[in-house]
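Undergrad: generate coordinates for the sequence data below:
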Amino acid sequence: MRLRLPNEQAGVLAEALRRAGAKEIGGQIFGEQLAESDFRATTITIQKRRGSFARFFVDLTQAARDAVRFFHKTEHRYLRYNYIGEWHSHPSFSVTPSPTDLRSMIDLVTDPSFQGNFAVLLILRLANSSLTLSAQVFDRVGNGQTISVEHEP
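TA: Below is the predicted model of the structure:
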C-alpha cells in the first residue's frame with residue numbers, strides 16, 4: 001500500500017503536535033484513492049480534546065461529525081474519497097505502536113460494523129521541529145503490516 005502525505009497536511013500535523021506539547025493528541029485520516037492501493041491523505045482531523053502524557057482516547061462523537069463533514073465536502077463519492085485511518089501522537093515515547101494501539105486497530109477492523117477493507121494507524125512525534133512517524137495498515141481480519149509514508153509537495 002502507498003500512502004502519500006502532502007506537505008500541507010504534514011504541516012497541519014506538526015502545528016497540532018507543537019500546540020499539544022507533552023499531551024497525546026489524535027484524529028482521523030481521510031483521503032483520495034489515486035489508484036489501486038495508492039492513497040493521498042487529503043484531510044487530517046484533529047480531536048479537540050487532548051489525551052494525557054501517555055494515553056489518547058478517541059472522541060467518537062467528534063469523529064462521527066468529522067466524517068460526516070468530509071463525506072459531505074467530497075459529495076459522498078466513497079469510491080474515490082474515503083476514510084483511511086487513525087493517527088495519534090507519542091510525544092514522550094517512540095513512534096512504535098503500543099500493544100494498546102495494536103489492539104485498538106485490530107478491534108476496529110474486525111468489528112462487523114466496520115465498512116472499510118483496511119485502516120491505517122499513523123503514529124507521530126515532533127522533535128526539534130521535525131516530524132517522525134510510523135505507519136501500519138490493518139486488513140479486515142486484523143493482520144497488520146508496516147507501510148511507508150511518502151511526503152509530497
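Undergrad: state the number of residues packed around Thr43.
TA: 20 (other CB atoms under 10 Å). (Each C-beta comes from the backbone N, C-alpha and C, glycine too.)
Undergrad: that one against Phe30, yeah?
TA: Yes. In this structure, Thr43 is within contact of Phe30 by CB atoms under 8 Å, at 4.2 Å.
Undergrad: what do the two both touch?
TA: Residues touching both Thr43 and Phe30 (CB atoms under 8 Å, 6 or more residues apart in numbering) are Phe70.
Undergrad: name the residues that touch stretch 91-98?
TA: 17, 20-24, 53-54, 90, 105, 121, 123-126, 132-134, 136.
Undergrad: can we see that at 10 Å?
TA: Residues from elsewhere that reach stretch 91-98, judged by CB atoms under 10 Å, 6 or more residues apart in numbering: 17, 20-25, 51, 53-55, 88-90, 102-105, 121-127, 131-136, 144, 146.
Undergrad: I'd say Ala63 and Ile29 touch.
TA: No. Applying CB atoms under 10 Å as the test, Ala63 and Ile29 come out as separate, 11.4 Å apart.
Undergrad: so which of the two has more stuff around it?
TA: The neighbour comparison of Ala63 against Ile29 (other CB under 10 Å) goes to Ile29, with 24 against 17.
Undergrad: for that one, helix, strand, or coil?
TA: Secondary structure for Ile29, judged by DSSP: H, G, I helix; E, B strand; the rest coil, is strand.
Undergrad: and it, how far from Ala119?
TA: Between Ile29 and Ala119 the distance is 9 Å, computed by CB to CB, to the nearest Å.
Undergrad: now for these two: what residues contact both?
TA: Among the neighbours of Ile29, those also in contact with Ala119 (CB under 10 Å, 6+ apart) are 83-86.
Undergrad: among the contacts of stretch 91-98, which are in helices?
TA: Members of the contacts of stretch 91-98 lying in helices (criterion: DSSP state H): 17, 20, 102-105.
Undergrad: anything in contact with each of Ala63 and Ile29?
TA: The contact sets of Ala63 and Ile29 overlap at 45, 83, 86 (CB under 10 Å, 6+ apart).
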